[in-house]
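> generate a structure from the sequence data that follows.
(chains A, B, C and D)
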2 protein chains.
Amino acid sequence: MTLHRVTTTGRVVDLLREQILSGALPEATLLRQEKLAAEFGVSRVPIREALHQLEAEGLVTMQSHKGAVVSSLSIDDLEEVYEIRARLETWLLEQSMPLLAEQRYRKAEALLAQMVEDRRDELWSNLNWDFHATLYEPANRPQTLALVRKLYLNAYRHFPLPIRLTGSREKMNREHQVLLDLCRQGDVARASAHLEQHILMGARHLISRLKALRRQEGDAGRA
Amino acid sequence: MTLHRVTTTGRVVDLLREQILSGALPEATLLRQEKLAAEFGVSRVPIREALHQLEAEGLVTMQSHKGAVVSSLSIDDLEEVYEIRARLETWLLEQSMPLLAEQRYRKAEALLAQMVEDRRDELWSNLNWDFHATLYEPANRPQTLALVRKLYLNAYRHFPLPIRLTGSREKMNREHQVLLDLCRQGDVARASAHLEQHILMGARHLISRLKALRRQEGDAGRA
DNA sequence: TACAGAAAAATTGGATTCAATATTCAATTC
DNA sequence: GAATTGAATATTGAATCCAATTTTTCTGTA
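Residues are numbered from 1 along each chain as shown, chains lettered A, B, ... in the order given. Now for the predicted structure:
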C-alpha cells in the first residue's frame, strides 16, 4: 500500500471539485488563476495543473488565453446523462439482486429511514446516492459504479440547492421503498423497470423545474 | 465559432494520447518529464499539465515525487469495460434503428467492404469503430457515443498489435454483416441481442489471447 | 561477499520570472 | 453621438530557477 503523499496540486483539485459539485461555484463562474492562487496561498502553477485535471473530468472548460469557467450542461445533455444512468443502473441492479443479502437490506432500510427524517438537502443527496450504491455493490462492477456516481454528482450540481428537492422528496422516498420491496420479493424484471422509471421521472421533474427557473430568470433579465 | 488556438500543453496532450492509444507507449511505460520535454523541445511545465490531464482521462497514473506511468488495465477491468460497452451500445442501437435511412446503410456497407479488403491492422480498428458509430449516430446521443468511443479506444490499446485481430477478423466481418442484415430487416430485438453477443464474444476472445500471451511471457521470464 | 547506512545524483513539486495574448478604455474619425 | 483604432492594463502561457523527495551509488563493516 503506497500512501499517496498529498501535493498542492492534489489539494487544489479536491477543493475545487468539492466546491463545484456542491454548487458553491455555480456553472459559468470564471476561475481566475491569480485569484485562486491568492485564495489558496499558492502559486499559479498548481492551480493550472488542477484546472487541466478538472477540465479532463468535464467540470471546467478552458479557453486558451481567455480563462477557465465552471462548465455548464445543456438540458439535452442533462437528459442524456440521466438516460445513461438509467441504462447502467438497471444493469447493476439486475446483476446485484440475486446476491443481495439480509444485512444489505437492513443497511438500505436504515438509509431510507434517515432520508425520511433528516430535512437537510445537502445530506439527503448524499444519502440518496448511498442508498442506490448499497443496492448495486454486490454486482461487483467497480468501474461502472464509479462512472455512475460521477454522472450523478456532476448532473446534480446544476441545480441550485433550493430547487433540488422541492416537492419531490416524499415521492422519491416512496419510490425508494417500493424499489426495496421489489428487491426483497426477488422480482428482477419489475424492480429493474421501477428503477428505470424512478431515474427517468426524476430527470423529468428536475428538468421541468430547471426550465421554469430559467424562464423566471429570463423574465427578470428582461424587466 | 471560437477557433481554439493551440497551446503547447494541448499539443503535448494530443501527442501523448495518440501514442498511448496506438500502443507506441505500452502500459507501464515510465514517462520522465525531462525526457519528454527534451523530445518535444519544450519545458517541463506543459508536460506536467498534460500529464495531469491524461491522468484524469485514465490513461496515465501519477505518483507524487516518483513519476508517471502509462496506466494498465487488469483483465477484470477489461471485461467490465466491454460489459459497459455492450450495455450502452445495444441501447444506442435500439434508439437508432428506427431512424436508420438507406444512405446510412450504404455507408455502413462501404465500410464493411473496406474491412474485408484491407489487411492493415491499424486501419481495421478504426474502420471497425466507424462501422459501429455509423449505426449509432441517428440515436442522437452524443455523450454516450463519445463515452463508448473512449472505452473502445482505451481498451483496445492494451493489445499489442500482432495479437489484436489474430484469427478473429473473418469472424468479426461475418458478424458485422449479420448485424447489418438484422438492422435492415428491422428486427430490433434480434439485432440488439446479436450486437451484445458480438461485443461480449469479442471480449472473451481478446481476453483468452491476452491470458495466453501473459502465460507465455511468464514462462519466458522464468526461463 | 552481503549488507547497512550515508553521500551523491536524479527526479519531481512549486515559486518566480518573462513572453504572448486578450481586454479595457480613452482618443479619434465619421 | 456611434463606431473604430490603438495604447495601457490585465490575464494567461511557458521557461527558468529553487526546494523537497526519491533513487542510486559508494563506503565501511561484519
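
> what segments of chain A are helices?
Using DSSP state H, the helices of chain A run over A:8-22, A:33-40, A:44-57, A:75-96, A:102-117, A:121-136, A:142-156, A:161-164, A:169-185, A:188-222.

> lowest-confidence stretch among the ones you listed?
Of all these, the minimum mean pLDDT falls on helix A:161-164 (a mean of 64).

> tell me the residues of chain A that contact DNA strand D?
By the criterion of Cβ under 7 Å from any atom of the strand, the positions of chain A lying close to DNA strand D are A:5, A:31-34, A:44-45, A:48, A:62, A:64-68. Quick note: C-beta positions are derived from backbone N, CA and C, even for glycine.

> please identify the deepest-packed of the helices of chain A.
helix A:44-57 (a mean of 22; mean count of other Cβ atoms under 10 Å in any protein chain shown).

> so what does that helix touch, helix or strand wise?
helix A:8-22, helix A:33-40, strand A:60-63, helix B:44-57 (3 or more Cβ pairs under 8 Å, 6 or more residues apart in numbering or on different chains; DSSP states H and E).

> OK, contacts around A:Thr144?
Listed by Cβ atoms under 8 Å, 6 or more residues apart in numbering or on different chains, the contact partners of A:Thr144 are A:88, A:91-92, B:80, B:83-84.

> brain fart, A:Val148
A:85, A:88-89, A:92, A:136.

> need the nearest residue in space to it, chain neighbours excluded.
Leaving out its chain neighbours, the residue that sits closest to A:Val148 by Cβ to Cβ, 6 or more residues apart in numbering or on different chains is A:Leu88, at 5.3 Å.

> can you check A:Gln95 too?
A:Ala139 (3.8 Å).

> which residue packs closest to the residue nearest to the spatial centre of chain A, ignoring adjacent ones?
Of all residues in chain A, the one closest to the mean position by Cα atoms, centre = their mean is A:Leu153, 1.7 Å from it. Closest residue in space to A:Leu153, ignoring its immediate chain neighbours: A:Leu21 at 5.1 Å, by Cβ to Cβ, 6+ apart.

> pretty sure that neighbour sits against A:Ala155.
No - under the criterion of Cβ atoms under 8 Å, A:Leu21 makes no contact with A:Ala155, lying 10.3 Å away.

> circling back to that earlier point, in TSV, list the contacts of A:Val148 along with distance to DNA strand C.
Output for these, formatted as TSV (distance: Cβ to the nearest atom of the strand, whole Å):
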residue	distance to DNA strand C
A:Arg85	34
A:Leu88	33
A:Glu89	35
A:Leu92	34
A:Tyr136	33
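
> tell me the one among those residues nearest to DNA strand D.
DNA strand D lies nearest to A:Arg85 out of the contacts of A:Val148, by Cβ to the nearest atom of the strand, at 32.5 Å.

> the closest one reaches A:Tyr152, doesn't it?
Yes - the pair A:Arg85 / A:Tyr152 is scored as a contact, 6.6 Å apart, by Cβ under 8 Å.

> what lies in contact with stretch A:167-179?
Counting by Cβ under 8 Å, 6+ apart, A:112, A:115-116, A:124, A:128, A:131, A:135, A:165, A:191, A:194-195, A:198, A:202, A:205 sit against stretch A:167-179.

> ok, now with 6 Å
The contact list for stretch A:167-179 (Cβ atoms under 6 Å, 6 or more residues apart in numbering or on different chains) reads A:112, A:116, A:194-195, A:198, A:205.

> what is the nearest of those residues to A:Met97?
Distances from A:Met97 to these, taken as Cβ to Cβ, are shortest for A:Leu195 (10.3 Å).

> look up how far DNA strand C lies from A:Thr134.
35 Å (Cβ to the nearest atom of the strand, to the nearest Å).

> list the residues that contact the residue of chain A found nearest chain B.
With Cβ to the nearest Cβ as the measure, A:Ala56 is the residue of chain A nearest to chain B, at 3.4 Å. By Cβ under 6 Å, 6+ apart, A:Ala56 lies in contact with B:53, B:56-57.

> let me know the closest of those to DNA strand D.
B:Gln53 (11.4 Å).

> surely the closest one meets B:Leu16?
No - taking Cβ atoms under 6 Å as the definition, B:Gln53 is not a contact partner of B:Leu16, at 9.2 Å.

> run the chain-centre distance for stretch A:128-142.
The chain centroid and the centroid of stretch A:128-142 are separated by 14 Å, computed with Cα atoms, centre = their mean, to the nearest Å.

> quick one: contacts for A:Lys211?
Applying Cβ under 6 Å, 6+ apart, no residues contact A:Lys211.

> quick check: residues of chain A near chain B?
For chain A, the contact set with chain B under Cβ under 6 Å from any Cβ of the partner chain comprises A:5, A:7, A:49, A:52-53, A:56-57, A:64, A:80, A:84, A:87, A:91, A:141, A:143-144.

> between all of these, which two are separated the most?
A:Ser64 and A:Trp91 (39.4 Å).

> which residues does A:Glu27 contact?
A:70, A:72.

> list phi and psi for it.
Torsion angles at A:Glu27 (phi, psi; degrees, to the nearest 10) stand at phi -60, psi 150.

> what does A:Val42 give?
phi -130, psi 180.

> now it: closest residue in space that isn't a chain neighbour?
Nearest non-adjacent residue to A:Val42 (Cβ to Cβ, 6+ apart): A:Thr8, at 5.3 Å.

> now do the domain split for chain A, please.
A:8-70, A:75-222 (automatic domain parsing).

> mind putting these in a markdown table, distance to B:Arg104 included?
Listed next are these as a markdown table, based on distance: least, Cβ to Cβ, whole Å:
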| stretch | distance to B:Arg104 |
| --- | --- |
| domain A:8-70 | 29 |
| domain A:75-222 | 21 |
